[in-house]
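1. A predicted structure for the sequence below; I have some questions about it.
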Amino acid sequence: MIILNVGDKFPKRCDYCPLFVDGFGTPTYCIAGGEYTDEEIELEEDGALNMYYDGCLSTRPKNCPLVEMKGGDK
């Protein structure tokens, strides 16, 4: 098991996540392999439009590899 600390707060959507690449001239993508399904895109209002302009929806994809860790020592 590999554990990565991606920040102090668990990202609620991809564009708040440091694993989400969104650079000028670079197509948006998740370096950890998280991808939205067609169903997830269709269920969100303006989902296709949000994907076109932002590369993400208002939530993380269901197959997002991140797991929120509760408590524990560093």
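-> Cool, the structure landed. Residues are numbered from 1 along each chain as shown.
2. is it correct that L49 falls within a strand?
-> No: L49 is assigned helix when assessed by DSSP: H, G, I helix; E, B strand; the rest coil, not a strand.
3. how much space between it and C17?
-> Separation of L49 from C17 (C-beta to C-beta, to the nearest Å) stands at 21 Å. For every residue, glycine as well, the C-beta is placed using N, CA and C.
4. quick one, which of those two is more surrounded?
-> Taking neighbours as other C-beta atoms under 10 Å, L49 and C17 compare with C17 leading, 22 against 11.
5. and for the residue nearest to that one when sequence neighbours are not counted, the neighbour number?
-> Excluding the flanking residues, the one nearest C17 by C-beta to C-beta, 6 or more residues apart in numbering is P11, at 3.8 Å. Using other C-beta under 10 Å, P11 has 17 neighbouring residues.
6. looks to me like P11 is in a helix.
-> No: checked against three-state DSSP, P11 lies outside a helix; its state is coil.
7. contacts only, for P11.
-> Contact partners of P11, counting by C-beta atoms under 8 Å, 6 or more residues apart in numbering, are C17, R60, L66.
8. what would these look like in a markdown table with distance to T26 and secondary structure?
-> Conversion of those to a markdown table gives the following (distance: C-beta to C-beta, whole Å; DSSP: H, G, I helix; E, B strand; the rest coil):
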| residue | distance to T26 | secondary structure |
| --- | --- | --- |
| C17 | 15 | coil |
| R60 | 20 | coil |
| L66 | 21 | coil |
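9. closest one to T28 out of the residues you listed, please.
-> Among the contacts of P11, C17 lies closest to T28 (C-beta to C-beta), at 11.3 Å.
10. picking up where we left off before, next one: the residue nearest to C17, what pLDDT does it get?
-> Here, the pLDDT recorded for P11 equals 86.
11. now do it against L19, distance only.
-> On the measure of C-beta to C-beta, P11 and L19 end up 8 Å apart.
12. do the same with D38
-> Going from D38 to L19 by C-beta to C-beta gives 22 Å.
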